[in-house]
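Asks: What follows is a predicted protein model with its sequence.
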Amino acid sequence: MSENPLRLRKIHHVEMWVGNARQAAYFYRQAFGFSQFAYRGLETGERDTISFALRQGQAVLVVTSSYDPESDISRHVQLHGDGVKDICFHVSDVDATYARVMENGAVSVAEPYDMEDENGTVRRATIETYGETVHSFVSDKGYNGPFLPGFVEDVVETEDAGLLRFDHMVGNVELGKMETWASFYEKVLGFKRYIHFDESQISTEYSALMSIVMSDNSYAIKFPINEPAAGLKKSQIEEYLEFYRGAGVQHIAMLTKDIVKTVSRLIDNGVKFITVPETYYEELPNRVGPIEEDVSALQPLGILVDRDDEGYLLQLFTQPVMDRPTLFFEIIQRKGSKGFGEGNFKALFEAIEREQAKRGNL
Ligand code: FE2
């Protein structure tokens, strides 16, 4: 069971393509507590793109924009708004991984190539996934630079918010495409179907969605895939697809070991979260049973709780962090549960629908 056919080690970094990388970097530092550690742009001899690399715990986030209005990045931003472009995996052997995924039916974006600077070489290749999102594979054996070749050290320390690493990353795909993309992760990347939810589990009076959680064998890399299901009104997935102009990453879940501290900090930093009705906390003790946390500490912050056979989890979702109602973040603390908060979906979706209605999109 521990076999990992592609030897995917972990998520090396997540890259967003944005309209203004410098201001995005500022936002992720000030709001989410990432520290900046590397830069690539005009001053480093890069004429086309500008990137900042940020880190918190083991999570590395890169924000990139373009100086060239005709570039692929500028076109991408014009079409989708700011969004996640690349979920990049660290692998031990890029060429072997690439050969394997191509054999398994991947669509190539870039064959294996070397990125080089005075600090050494990084090998990289890229394939397509849903929408215009891609997966890169990098191996940086022996590379000594601060991030990737071309980047220089550019440190802006920020007090962190206790975020440890990426927990999971969710893709929204078009109606009828969930199965296609679940099979893609199965066949191409060797992932397993971990959990499947259908509209009977995830629905409100108005809207519904279906979701399959794909995971590598170590459960270190988890990608739930959502598609809209028929409902009385427009689902949040449809709203996303409409505003993102297609499939893309819906949310990035970040793990913390102290959600009360993390969420308090993020609220102080101005991050806006989804709120749940007070009745949620009245029903909570009956629904999840005893937990270590004091409910009176969770309620003012709006933190949600869910339990399964293995334990429980605490979670909370931000409002969209982009201009468009597209990408948002989840803060999650796990106390034994390997789930995704299924028991919260109804309360949560009703909360999301209230926000959607305010935007005139329900
Ligand atoms: Fe999630």
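Replies: Done, it's in.

Asks: measure the residue lying farthest from the centre of the chain to the ion for me?
Replies: The centre of the chain is farthest from one residue, Glu118, which by C-alpha atoms, centre = their mean lies 32.0 Å away. Glu118 sits 41 Å away from the ion, taking C-beta to the ion, to the nearest Å as the criterion. Yep, even glycine has a C-beta here, placed from its N, CA and C like the rest.

Asks: go on, Arg75?
Replies: Distance, Arg75 to the ion, by C-beta to the ion: 29 Å.

Asks: where's that residue, which helix or strand?
Replies: helix 72-80 (DSSP states H and E).

Asks: What are the contacting residues of that helix?
Replies: Contacts with helix 72-80, where a contact means C-beta atoms under 8 Å, 6 or more residues apart in numbering, come from 17-19, 49, 64-66, 68, 83, 85, 132, 244-246, 248, 326.

Asks: repeat that with 6 Å
Replies: 17, 19, 66, 244-245 (C-beta atoms under 6 Å, 6 or more residues apart in numbering).

Asks: Let me know how buried Asn269 is, in neighbour terms.
Replies: 16 (other C-beta atoms under 10 Å).

Asks: low pLDDT regions in this structure?
Replies: 1-5, 198-208, 232 (pLDDT under 70).

Asks: Helices of that one, start to end?
Replies: 21-30, 72-80, 94-103, 178-187, 236-244, 259-268, 279-288, 295-298, 345-358 (DSSP state H).

Asks: and the ones you listed as TSV, adding distance to Met322 and mean neighbour count?
Replies: TSV is the format used below for those (distance: least, C-beta to C-beta, whole Å; neighbours: other C-beta atoms under 10 Å):
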stretch	distance to Met322	mean neighbour count
helix 21-30	10	19
helix 72-80	9	17
helix 94-103	29	18
helix 178-187	22	18
helix 236-244	9	22
helix 259-268	17	19
helix 279-288	26	14
helix 295-298	27	14
helix 345-358	14	18
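
Asks: domains for this protein, by residue range?
Replies: 8-156, 163-359 (automatic domain parsing).

Asks: excluding its backbone neighbours, what's nearest Asp140?
Replies: Val122 (4.6 Å; C-beta to C-beta, 6 or more residues apart in numbering).

Asks: How about Gln319?
Replies: Lys272 (4.2 Å).

Asks: what about Arg124, how many neighbours?
Replies: Quick note: Arg124 (other C-beta under 10 Å) scores 23 neighbours.

Asks: which residues does it contact?
Replies: Contacts of Arg124 (C-beta under 6 Å, 6+ apart): 115, 136, 138.

Asks: Run through the bridge partners of it.
Replies: Arg124 has these beta-bridge partners by DSSP bridges: Tyr113, Val138.

Asks: and the spatially most central residue of the chain, what does it touch?
Replies: When C-alpha atoms, centre = their mean is applied to the chain, the residue found nearest the centroid is Ile252 (2.4 Å). By C-beta under 6 Å, 6+ apart, the contact list for Ile252 reads 169, 329.

Asks: repeat that with 10 Å
Replies: 14, 16, 59, 61, 84, 87, 166-170, 318, 321, 327-330 (C-beta atoms under 10 Å, 6 or more residues apart in numbering).

Asks: Next step: those residues restricted to strands.
Replies: 14, 16, 59, 61, 84, 87, 166-170, 328-330 (DSSP state E).

Asks: how about those residues in a markdown table, adding distance to Val305 and neighbour count?
Replies: Converted to a markdown table, the ones in strands among the contacts of Ile252 look like this (distance: C-beta to C-beta, whole Å; neighbours: other C-beta atoms under 10 Å):
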| residue | distance to Val305 | neighbour count |
| --- | --- | --- |
| Val14 | 27 | 19 |
| Met16 | 30 | 24 |
| Ala59 | 23 | 21 |
| Leu61 | 27 | 23 |
| Val84 | 27 | 23 |
| Ile87 | 28 | 22 |
| Phe166 | 21 | 23 |
| Asp167 | 16 | 22 |
| His168 | 18 | 21 |
| Met169 | 22 | 21 |
| Val170 | 20 | 20 |
| Phe328 | 19 | 21 |
| Phe329 | 18 | 22 |
| Glu330 | 14 | 22 |
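
Asks: Closest to the ion out of these?
Replies: Taking C-beta to the ion as the measure, the ion sits nearest to Glu330 out of those, at 4.5 Å.

Asks: My understanding was that that closest one contacts Ile303; is that so?
Replies: No - using C-beta atoms under 10 Å, Glu330 is not in contact with Ile303; the gap is 11.6 Å.

Asks: Overlap in contacts, those two.
Replies: Common neighbours of Glu330 and Ile303 (C-beta under 10 Å, 6+ apart) are 315-316.

Asks: what's the neighbour count on the residue nearest to Gln319?
Replies: 14.
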